[in-house]
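**Student:** below are the sequence and a predicted model for it; my questions follow.
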Amino acid sequence: MGEESKKPNQQGEEYLVPVERYMAAAVRLGARVSNGYLQRRGFIFTVRPDGLRIFNLKRIDERIRIAAKMIARYNPSRVMVHSTKPYASRPIQMFCKFVGCLPVTGRLIPGTLTNPYLSHHIDIDLLMVADPKTDFQAINEASLTGIPVIALVDTDSDITFIDFAIPCNNKGRNSLALIFWLLARQVLRERGELKPDEDLPVSWEEFRVPVGQSQ
């Protein structure tokens, strides 16, 4: 497990969930490609013998807390959460169900964020995506219109135009479910809609795409 996963975070607080839950969901399992930005920021804890990068769990936990504070400042109807990733579809839908944000899954039609004359145009103040690699269309459009972007980033992610990165395994079914569940819970706690020690009325497993189902 490693010493870094046994200690409290830098604020001396407990983790958002038990370390064992983070570990079981493979939240800190990165890719083999190394992102220099993540390395310099201390997001990568170690490298396994097989080349897979392992994220610093303390930093993941901290970044989820900060991202939740950011999201909570916005009118939820003006926050779009997007991904084309199949495993991110249900987590995003469930997150938006509880938080009140706008879920957009699957392919983003060009011009959605940049062309106000299109019938499918969406006017937002904040964008969150599950993977910069697959969700580049939305990120590029947000950059053109000055919309800040929060993104889940793996070690192989391009962080160009990303304003706030949450380092994590953004490919795994379990990891995506747990992260979006935590974000939803933290946003509601920040808003005062949940008590500081109160959970969502559903478990994190409810955010997970069922086995054998990709959409």
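**Tutor:** Done, it's in.
**Student:** could you use CA atoms for every contact and neighbour count after this?
**Tutor:** Noted.
**Student:** state the distance from Tyr87 to Ile139.
**Tutor:** 19 Å (CA to CA, to the nearest Å).
**Student:** with just CA atoms, put stretch 96-103 into CSV.
**Tutor:** The C-alpha atoms that make up stretch 96-103 are tabulated as CSV, following Å, rounded to 0.1, in the frame of the first residue of the first chain:
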residue,chain,number,x,y,z
CYS,A,96,-25.7,15.9,-12.3
LYS,A,97,-28.8,14.3,-10.9
PHE,A,98,-27.6,15.2,-7.4
VAL,A,99,-25.8,18.4,-8.1
GLY,A,100,-28.1,19.9,-10.7
CYS,A,101,-25.5,20.4,-13.4
LEU,A,102,-26.0,19.8,-17.1
PRO,A,103,-24.9,16.3,-18.3
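**Student:** by mean pLDDT, flag the weakest helix or strand of this protein.
**Tutor:** Sorting the helices and strands of the chain by mean pLDDT, DSSP states H and E puts helix 36-40 at the bottom, at a mean of 65.
**Student:** which strand or helix spans the most centrally placed residue in the chain?
**Tutor:** Geometric centre of the chain, nearest residue: Leu152, 4.0 Å, by CA atoms, centre = their mean. Secondary structure assignment for Leu152, by DSSP states H and E: strand 149-153.
**Student:** show me what the longest helix along the chain is packed up against.
**Tutor:** Longest helix in the chain, counting residues (DSSP state H): helix 173-191. Helices and strands touching helix 173-191, by 3 or more CA pairs under 8 Å, 6 or more residues apart in numbering; DSSP states H and E, are helix 57-72, helix 86-99.
**Student:** what lines up beside the helix or strand following the first one in the sheet?
**Tutor:** Toward the C-terminal end, the helix or strand that comes next after helix 57-72 (DSSP H and E) is strand 79-83. Strand partners for strand 79-83, identified by DSSP bridges, are recorded as strand 102-105 (parallel), strand 126-129 (parallel).
**Student:** out of those strands, which one sits most buried?
**Tutor:** strand 126-129 (a mean of 25; mean count of other CA atoms under 10 Å).
**Student:** and the helices and strands packed on helix 173-191 as CSV, adding mean neighbour count?
**Tutor:** Shown next, in CSV, are the helices and strands packed on helix 173-191 (neighbours: other CA atoms under 10 Å):
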stretch, mean neighbour count
helix 57-72, 20
helix 86-99, 22
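**Student:** how about those helices in JSON lines, adding distance to Gly192 and mean pLDDT?
**Tutor:** Below are the helices and strands packed on helix 173-191 laid out as JSON lines (distance: least, CA to CA, whole Å; pLDDT from 0 to 100):
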{"stretch": "helix 57-72", "distance to Gly192": "10", "mean pLDDT": "97"}
{"stretch": "helix 86-99", "distance to Gly192": "12", "mean pLDDT": "97"}
